[in-house]
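Novice: Just a sequence and a predicted model for now, questions to come.
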Amino acid sequence: MSNPYAGEVALVIDGKRHVLKLTLGSLAELEAGLEADSLLALIKRFEAGGFSSRDVLALIVAGLRGGGWTGAAEDLLSAEIEGGPVGAARAAAELLTRAFLSADSA
């Protein structure tokens with residue numbers, strides 16, 4: 001079970017449940033990989049609905065890595081994500097929200 005208070009999000013990929021979490025290391029990798037000006041710029045893209053499938057995939061990979069996964073983005077290209085693209089986008093948005101939600105706000 002994922003712990004939302006610890007910033008965790010659950011996602012089923014190829015029938016297996018994974019716990020995703022954005023750690024400082026995975027956030028740094030995410031920022032570099034997306035060549036984003038800042039994480040705030042990425043958050044604003046999600047809030048405005050202007051995110052791309054590349055953004056979603058990068059967030060899912062970063063969350064998986066933060067949860068201990070050692071795979072690569074290429075491993076997910078043919079993966080079956082529960083909920084499809086909408087489920088993946090929802091999980092990515094939850095990751096961002098939970099990573100920056102203070103304990104007082106939860």
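Specialist: Now that the structure is in, tell me what you want to look at. None of the values given here were measured: they were computed from a predicted structure.
Novice: And the helix or strand bottoming out on mean pLDDT in the chain, how far out from the chain middle?
Specialist: Ranked by mean pLDDT, DSSP states H and E, the weakest helix or strand in the chain is helix 39-48, scoring a mean of 80. Counting by CA atoms, centre = their mean, to the nearest Å, helix 39-48 is centred 13 Å from the centre of its parent chain.
Novice: which residues touch that helix?
Specialist: 27, 30-31, 34, 36, 51, 55, 92-93, 96, 100 (CB atoms under 8 Å, 6 or more residues apart in numbering). Any C-beta I mention is one placed from the backbone N, CA and C, and that applies to glycine too.
Novice: Show me which residues of it are buried.
Specialist: 39, 42-43, 45-46 (16 or more other CB atoms under 10 Å).
Novice: what's the angle from the longest helix anywhere in the chain to helix 39-48?
Specialist: Assignment by DSSP state H gives helix 84-99 as the longest helix of the chain. Here helix 84-99 runs at an angle of 130 degrees relative to helix 39-48 (axes from the mean of the first three to the mean of the last three CA atoms, to 10 degrees).
Novice: CA-only coordinates of helix 84-99 in PDB, if you can.
Specialist: Output of helix 84-99 as PDB, limited to C-alpha atoms (Å, rounded to 0.1, in the frame of the first residue of the first chain):
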ATOM      1  CA  GLY A  84      -4.100   3.800 -19.800                       C
ATOM      2  CA  PRO A  85      -2.700   7.300 -20.700                       C
ATOM      3  CA  VAL A  86      -5.300   9.000 -18.400                       C
ATOM      4  CA  GLY A  87      -4.300   6.700 -15.500                       C
ATOM      5  CA  ALA A  88      -0.600   7.500 -16.100                       C
ATOM      6  CA  ALA A  89      -1.300  11.300 -16.300                       C
ATOM      7  CA  ARG A  90      -3.300  11.100 -13.100                       C
ATOM      8  CA  ALA A  91      -0.400   9.200 -11.300                       C
ATOM      9  CA  ALA A  92       2.100  11.800 -12.600                       C
ATOM     10  CA  ALA A  93       0.000  14.700 -11.400                       C
ATOM     11  CA  GLU A  94      -0.400  13.000  -8.000                       C
ATOM     12  CA  LEU A  95       3.300  12.500  -7.700                       C
ATOM     13  CA  LEU A  96       4.000  16.200  -8.300                       C
ATOM     14  CA  THR A  97       1.300  17.200  -5.800                       C
ATOM     15  CA  ARG A  98       2.400  14.800  -3.100                       C
ATOM     16  CA  ALA A  99       6.100  15.700  -3.500                       C
END
